[in-house]
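Trainee: 3D, please:
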Amino acid sequence: MKIWIDADACPRVIKDIVFRASERLSLRVTLVANTSLSKHNTALIESIVVADGFDKADDYIVENAAVEDLVITADIPLAARVVAKGSIALDPRGELYTEENVGERLSMRDLMMELRSEGVVQGGPSQFSLTDRQRFASSLDRLLTQMLRGKRPV
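Mentor: Alright, predicted model coming up:
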């Protein structure tokens, strides 16, 4: 089992939570981005910089993540691809993407993009909060416990 992080837009605090879990459970983590990433002092954490271009990091994650892997991403189209492949995807705010909810979330994302482009709605998601960080840490802990026991999250 490995944890993948869509690192371009992932909040630093979320990466730190994942790094601590990695160290505690001896799990490998791979950060994927199309910009350079900081170096890490552990062999458990790997950084991959892909070519600059639309969805290059997403494509790399989808091509390389295995069914038993966990992908951390706020990118709903990437989450949809990961879930369709059979891997597990978790939002940095702690919400598990599932076959049941990812299609709905993708439709809502598309609707909101359309409403923003027409000027009907302004702004984006709310600012990342302490509650979001706590929800993520709790969800990650629960997921990793299930996955390390060989159970698929529900």
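
Trainee: how about the helices in the chain?
Mentor: 12-25, 56-64, 76-85, 102-117, 130-148 (DSSP state H).

Trainee: how about these, which one is nearest Thr35?
Mentor: helix 56-64 (9.4 Å; CB to CB). Every residue, glycine included, has its C-beta placed from N, CA and C.

Trainee: Please enumerate residues in contact with that closest one?
Mentor: With contacts defined as CB atoms under 8 Å, 6 or more residues apart in numbering, helix 56-64 is touched by 4, 6-8, 30, 32-34, 48, 50, 71, 73, 75, 77-78, 81-82, 85.

Trainee: Stretch 37-48 too?
Mentor: With CB under 8 Å, 6+ apart as the criterion, stretch 37-48 contacts 7, 19, 22-23, 26-33, 49, 60.

Trainee: Now do the buried residues in it.
Mentor: Leu37, Leu44, Ile45, Ser47, Ile48 (16 or more other CB atoms under 10 Å).

Trainee: closest to Gln146 among these?
Mentor: Leu44 (20.4 Å).

Trainee: Which pLDDT value belongs to that closest one?
Mentor: What the model reports as pLDDT for Leu44 is 96.

Trainee: Could you do Leu70 as well?
Mentor: For Leu70, the predicted pLDDT is 97.

Trainee: measure it to Ile17 for me?
Mentor: 13 Å (CB to CB, to the nearest Å).

Trainee: Next: Thr145.
Mentor: 15 Å.

Trainee: Please apply the same query to Tyr60.
Mentor: Applying CB to CB to Tyr60 and Ile17 gives a distance of 23 Å.

Trainee: pLDDT below threshold where in this protein?
Mentor: 107-113, 115-116, 121, 123-126, 154 (pLDDT under 70).

Trainee: again, only this time at 90
Mentor: Regions of the chain meeting the criterion pLDDT under 90 cover residues 8-9, 35-41, 52-55, 76, 99-128, 150-154.

Trainee: Tell me what Leu90 is bridged to.
Mentor: Note on Leu90: beta-bridge partners by DSSP bridges are Ile72, Leu96.

Trainee: coming back round to it: if you count surrounding residues, which of Leu70 and Ile17 has more?
Mentor: Leu70 (24 against 19; other CB atoms under 10 Å).
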